[in-house]
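Participant: coordinates only, sequence not included:
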């Protein structure tokens with residue numbers, strides 16, 4: 001992420017969730033919800049199989065979220081405390097796709113929404129439109145997320161445009177906070 005290149009500590013909730021998902025205690029709970037069909041031959045969880053099963057059933061989505069979210073948020077909090085005590089970090093950026101859903105907006109000085117049209121999103125993933133929409137169905141709408149944001153990054157064009165937008169937001173944050181923000185930027 002470009003904020004990391006600017007001296008920010010970037011905390012990626014999805015990466016944390018992927019790590020947590022492979023813990024034996026968590027794996028066992030997720031298998032109880034989604035079934036053994038989600039397991040690879042080596043015992044690891046296949047996230048695409050989990051998605052295929054749970055996104056058809058709101059109860060299963062809720063059950064998986066109840067297992068994973070508290071653990072992810074706890075690790076995010078731990079990392080935030082660690083980075084707040086680190087003097088060489090310019091700011092803390094929380095890359096949490098479900099930030100609004102988990103009620104963490106008050107923990108952030110700024111909210112940044114990254115907009116990307118469906119064509120660009122499809123070009124950057126192996127998911128189908130239907131799979132993307134199934135995931136979004138269980139989230140706050142993109143329109144509401146965009147409306148809640150303080151800043152918006154348009155991520156439909158080239159990388160250099162993305163870099164410029166990120167740098168401009170970073171510069172604005174640093175200028176408005178006199179250096180180091182007290183909390184993170186999602």
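Facilitator: Perfect, thanks for sending it. What you are looking at is a predicted structure, and each value in this text was computed from that prediction instead of being measured.
Participant: who are the packing partners of the helix or strand encompassing residue 146?
Facilitator: When elements are assigned from DSSP states H and E, residue 146 belongs to helix 142-148. When contacts are defined as 3 or more CB pairs under 8 Å, 6 or more residues apart in numbering; DSSP states H and E, helix 142-148 packs onto strand 112-115. In this view, the C-beta of every residue, glycine as well, is placed from N, C-alpha and C.
Participant: re the thing from before, what residues of the next helix or strand after the helix holding residue 146 count as buried?
Facilitator: With elements assigned by DSSP H and E, the helix or strand that comes after helix 142-148 is strand 151-154. If you call a residue buried by 16 or more other CB atoms under 10 Å, then strand 151-154 has these buried ones: 151, 153.
Participant: could you point out which element follows strand 151-154?
Facilitator: Next along from strand 151-154, by DSSP H and E: helix 159-176.
Participant: what packs against that next one?
Facilitator: Using 3+ CB pairs under 8 Å, 6+ apart, helix 159-176 is in contact with helix 2-5, strand 151-154.
Participant: any chance of TSV for the ones you listed, columns mean pLDDT and distance to residue 76?
Facilitator: Converted to TSV, the helices and strands packed on helix 159-176 look like this (pLDDT from 0 to 100; distance: least, CB to CB, whole Å):
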stretch	mean pLDDT	distance to residue 76
helix 2-5	92	15
strand 151-154	94	20
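Participant: those into a markdown table, with extra columns for distance to residue 79?
Facilitator: As requested, these are arranged in a markdown table below (distance: least, CB to CB, whole Å):
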| stretch | distance to residue 79 |
| --- | --- |
| helix 2-5 | 13 |
| strand 151-154 | 22 |
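Participant: just the helices in this structure please.
Facilitator: 2-5, 13-21, 24-34, 47-54, 58-84, 118-123, 129-137, 142-148, 159-176 (DSSP state H).
Participant: could these be laid out in JSON lines, adding distance to residue 90 and mean neighbour count?
Facilitator: Below are the helices of the chain laid out as JSON lines (distance: least, CB to CB, whole Å; neighbours: other CB atoms under 10 Å):
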{"stretch": "helix 2-5", "distance to residue 90": "9", "mean neighbour count": "16"}
{"stretch": "helix 13-21", "distance to residue 90": "20", "mean neighbour count": "17"}
{"stretch": "helix 24-34", "distance to residue 90": "33", "mean neighbour count": "16"}
{"stretch": "helix 47-54", "distance to residue 90": "32", "mean neighbour count": "17"}
{"stretch": "helix 58-84", "distance to residue 90": "10", "mean neighbour count": "16"}
{"stretch": "helix 118-123", "distance to residue 90": "29", "mean neighbour count": "12"}
{"stretch": "helix 129-137", "distance to residue 90": "32", "mean neighbour count": "13"}
{"stretch": "helix 142-148", "distance to residue 90": "24", "mean neighbour count": "12"}
{"stretch": "helix 159-176", "distance to residue 90": "7", "mean neighbour count": "15"}
